[in-house]
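# Got a predicted structure here, sequence first:
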Amino acid sequence: MELSQRDITYCKNVGAKRADILRKELSVNTALELLVKCPPYKYIDRSRFYKIAELDDEDTYVQIVGEVTEWHTIGIGKAQRLSATFFDGTHQCELVWFQGVKYVKLQRNVPYLLFGKPSRFNHIYNFVHPELTPMSKVTPEMTQGLEPYYNTTETMKRHGLNSKAIRSIIAELLPDLKQGIPDTIGADILQRYRLMSLTDALINVHFPKDTLAMQNARARLKFEELFYIQLQILRVMKRREQNPGYTFPLVGSRFHALYKSLPFDLTGAQKRVIHEIHDDLKSGHQMNRLLQGDVGSGKTLVALLCCLLAVDNGYQACIMAPTEILANQHYETLKAFLAPLGDAVHVALLTGSTTAKNRVPIHNGLLNGTIHILIGTHALLEDNVQWQNLGFVVIDEQHRFGVAQRAKLWSKTRRVAGDGNTMPDCPPHILVMTATPIPRTLAMTVYGDLQVSIIDELPPGRKPVQTIHYSIQRRAQVYAFLRKQIQDGRQVYVVYPLIKENEKMDLLDLQNGFNELCEAFPDCKISMVHGQMKAADKDLQMQRFVSGETQILVATTVIEVGVNVPNATVMMIQNAERFGLSQLHQLRGRVGRGGDQSYCLLLTDQELSKDTRKRMEIMVATNDGFRIAEADLALRGPGDLQGTLQSGTPFELHIANLATDGQIVTLARQAAKEILDKDPLLEDQMNRIYKHQLDILRVKQSFNWSEIS
Ligand code: ADP
Ligand code: MG
């Protein structure tokens, strides 16, 4: 039977019980799925033999030929342990068994193959529970090529499904695999992108002929995984481009009035981006666009001008922010910008803490069209928020959401917009704004369904923030610096980290910090905000800082996004080692917003891990958000980032890694695009294979792409 049809239960070395576990733990139902979904996570070169003298401290598996010269057991019963001396002709090492001691049968004057992971202890290498095979029993296969190692879960191990067991199940499938299986990528793409056939790739990923074959096999399987993701993303994108959309051809009086009232010129990048957006708004199709721009690049103003394009054309707009503080801030900022326009634009604010009484006029105003722009948090997605004609939606600081979460917003906003008179099914235009630059190849997947606009220019006259790294021993010096800034009339942020698991401790840290600052700065007024405070208290404290009444704001990371106080010139970050790079960069973006030289002071312990030191060095070296994003990617490493991204994407990756396989992402997207450009519906005979494969994926994925089209 074909491997794709063969139930995993009926594979050799499996059976009903193990099949059950494979299904539950790895979602593996068929032989082919086992081959595809379980690529080895590492390989050990069994063709290489070591000498004890060659070992270094590294934690990798090695094999050595030698003899056991002496052994003895210590202790009795369960506590028994067996210790042996192994000699390779020139040097000695130690072998140790803690378990199953009575099954270990050793012989003198017999050559053995030792295989295991050495560790160094008291100047001698030792191997715990090594494999020890008499040379007479060593088959050529055992010491040939790269041996695959498989990840298994605790449950799997408990039922004997360890790496070795998986290896033996897969080995049994090899003869059938060598008969060849139907490919899932067309010959044309295979050839142009120099990819192995699926059959060769699966053979060489599990039992590689050599390192090169293994690498090529993995590249082919990664390509395939990413290629099908891109096909899905690009299909949604293409379908959406066909969605009808409201047209906003008019650049009207409100837009012009605001534009003229601005005390500064828009930057070239802001102008370009507004043109890009306006082109979409004129096209007759729904816009789905991502606006990327570093902190302080002026995204809010761009969003507002675009909202006015909608309003001038007779539609409503909304701006959704991730936190109440940010929603409030947007509301204040917009009102200030719009003040010269008088009554021409009516803006309202709706958040979780808007009272039931205050909601009534907002709900009415949205329905009868007297409210033009609504600012809010998730509260504005609630079912009872109904609009007359919502035409434009801005989602700010989108980096907290991924494709999947966004899907929910889409369907919601569409339902909300459903009562528009002219075009009942027309979804509003969507502008997603993020200040967290992410490397381009990652954006292709996480934001792969959106058009992208980038503001790559800061308003003129900004002095780059100077970043300095101090160890806490120099606190007095840092305080003296703060005092000088405050004497000059400037304001200061002091930020403490927050770790969710231990909020009590963190609050204590914050409170202690606050007290310490009160003592150190007896002449200053100090605000404090943290996540546990009531929204009203938080707002009051923020407001005191924004208005200049207090000179120092002590806070946890609640201020991370969006706050705008141009007079603040110092961002001092306590325990900076506890923050990630992008978080540090976001925090730094809170200063340097006025004309004065600003500073970011990173305070850490004196003793730092290598990674932390690197993070501080990068922060000191550059203000460029994209460079920081790249460095973050490199430092945080694939696993960590993969987890974060995975939570934002509906895709399950078995072999590709979004953090490290950027080049393959680019190629996969290119290949997918070439196919869809020629044949958007995948109707050609030669593209059947893709359509078929997508149908299979659709059934398997828990996530429904059509929801966001
Ligand atoms: P972002 O949201 O991208 O972090 P903001 O929209 O908060 O940035 O803008 C930061 C500050 O720069 C605000 O005070 C804003 O009024 C101001 N600003 C925006 N555009 C310009 C410009 N073209 N020239 C000067 N200042 C600007
Ligand atoms: Mg902003």
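Perfect, thanks for sending it. Owing to the predicted nature of the structure, the values given are computational and were not obtained by experimental measurement. Ligands and ions are numbered 1, 2, ... in the order given.
# Quick check: residue 344 touching residue 254?
Yes - here residue 344 lies in contact with residue 254, judged by C-beta atoms under 8 Å, at a distance of 5.4 Å. Just so you know, the C-beta spots here come from the backbone N, C-alpha and C atoms, and that holds for glycine as well.
# Which one of the two is surrounded by more residues?
The residue with more neighbours, out of residue 344 and residue 254 and counting by other C-beta atoms under 10 Å, is residue 254; that gives 20 against 15.
# Ligand 1 contacts on the protein?
Counting by C-beta under 6 Å from any ligand atom, the chain comes close to ligand 1 at 264, 266-267, 270, 293, 295-301, 435, 459, 564, 593.
# Let's see that with 8 Å instead.
Within the chain, the positions adjacent to ligand 1 are 262, 264-267, 270, 293-302, 333, 337, 396, 433, 435, 455, 459-461, 562, 564, 566, 589, 593 by C-beta under 8 Å from any ligand atom.
# Strands of the stretch 501-650 of the chain, start to end?
Listed in chain order, the strands of the stretch 501-650 of the chain (DSSP state E, counting those that start in this stretch) span 526-529, 552-555, 568-573, 599-604.
# One more: the stretch 151-300 of the chain?
Assignment of strands within the stretch 151-300 of the chain using DSSP E, counting those that start in this stretch yields the ranges 288-293.
# Could you do the stretch 1-150 of the chain as well?
So, for the stretch 1-150 of the chain - with DSSP E, counting those that start in this stretch - the strands run 42-45, 62-74, 81-87, 92-97, 112-116, 118-121, 124-128, 131-134, 146-149.
# which of the ones you listed has the lowest average pLDDT?
For the strands of the stretch 1-150 of the chain, the weakest mean pLDDT is recorded on strand 118-121, namely a mean of 87.
# which secondary structure elements does that one contact?
strand 124-128 (3 or more C-beta pairs under 8 Å, 6 or more residues apart in numbering; DSSP states H and E).
# what about 6 Å?
Judged by 3 or more C-beta pairs under 6 Å, 6 or more residues apart in numbering; DSSP states H and E, strand 118-121 is in contact with no other helix or strand.
# where's that strand relative to the chain centroid, distance-wise?
36 Å (C-alpha atoms, centre = their mean, to the nearest Å).
# Paired strands for that strand, with orientation please.
Taking DSSP bridges as the criterion, strand 118-121 sits next to strand 124-128 (antiparallel) in its sheet.
# Which positions within the longest helix that the chain contains qualify as buried?
Using DSSP state H to assign secondary structure, the helix with the most residues in the chain is helix 211-242. Of the residues in helix 211-242, those buried under the neighbour-count criterion (16 or more other C-beta atoms under 10 Å) are 213-214, 216-241.
# could you check the angle strand 288-293 makes with it?
For helix 211-242 and strand 288-293, the angle between their directions (axes from the mean of the first three to the mean of the last three C-alpha atoms, to 10 degrees) works out to 110 degrees.
# quick one: low-confidence ranges for the stretch 501-650 of the chain?
Applying pLDDT under 70 to the predicted model, the residue ranges of the stretch 501-650 of the chain that meet it are 501-504, 558-563, 636-650.
# Apply 90 and report the result again.
Counting by pLDDT under 90, the ranges of the stretch 501-650 of the chain that qualify are 501-513, 529-543, 546, 555-566, 578-583, 585-587, 589-590, 592-595, 606-611, 624-650.
# likewise the stretch 101-250 of the chain?
Scanning the stretch 101-250 of the chain for pLDDT under 90 picks out the ranges 101-105, 117, 119-124, 138-145, 209-210, 232-233, 235-245.
# Tell me the residue of it that sits nearest ligand 1?
The minimum distance from the stretch 101-250 of the chain to ligand 1, using C-beta to the nearest ligand atom, falls at residue 248 (21.7 Å).
# check contacts around that residue.
With contact taken as C-beta atoms under 6 Å, 6 or more residues apart in numbering, residue 248 is in contact with 281, 309-310, 313.
# Now with 7 Å, please.
Contacts of residue 248 were listed using C-beta atoms under 7 Å, 6 or more residues apart in numbering, and they are 281-282, 309-310, 313.
# Could you do residue 473 as well?
residue 606.
# quick one: it is in a strand?
No - secondary structure of residue 473, determined by DSSP: H, G, I helix; E, B strand; the rest coil: helix, with no strand assignment.
# State the distance from the closest residue in space to residue 153 that isn't next to it in sequence to ligand 1.
Take residue 153 and drop its neighbours on the chain: the residue closest to it by C-beta to C-beta, 6 or more residues apart in numbering is residue 25, 5.0 Å away. From residue 25 over to ligand 1 the distance is 44 Å, taken as C-beta to the nearest ligand atom, to the nearest Å.
# got it, and residue 378?
Looking at residue 378 against ligand 1, where the rule is C-beta to the nearest ligand atom, the gap reads 19 Å.
# Now do the phi/psi pair for that residue.
For residue 378, the backbone dihedrals (degrees, to the nearest 10) come out as phi -60, psi -20.
# residues in contact with it?
Residue 378 neighbours (C-beta under 7 Å, 6+ apart): none.
# Residue 323 versus that one, what's the distance?
Residue 378 sits 10 Å away from residue 323, going by C-beta to C-beta, to the nearest Å.
# give me the number of residues near the closest residue to ligand 1 within the stretch 1-150 of the chain?
Evaluated by C-beta to the nearest ligand atom, the stretch 1-150 of the chain has residue 41 as its residue closest to ligand 1, separated by 40.3 Å. For residue 41, the number of neighbouring residues by other C-beta under 10 Å comes to 12.
# confidence score at it?
In this prediction, residue 41 carries a pLDDT score of 93.
# Next one, pLDDT for residue 692 please.
Taken from the predicted model, the pLDDT recorded for residue 692 is 91.
# Go ahead and list the helix or strand containing it.
For residue 692, the enclosing helix or strand under DSSP states H and E is helix 688-700.
# ok, the closest residue to residue 624 other than its chain neighbours - how many residues close by?
When the adjacent residues along the chain are set aside, residue 624 lies closest to residue 294, with 7.8 Å between them (C-beta to C-beta, 6+ apart). With neighbours defined by other C-beta under 10 Å, the count for residue 294 comes to 23.
# Repeat that for residue 470.
18.
# wait, what's in contact with residue 300?
When the contact criterion is C-beta under 7 Å, 6+ apart, the partners of residue 300 are 330, 333.
# If we use 10 Å, what do you get?
Applying C-beta atoms under 10 Å, 6 or more residues apart in numbering to residue 300 gives the contacts 293, 319, 329-330, 333-334, 337, 394, 396, 433, 562, 564.
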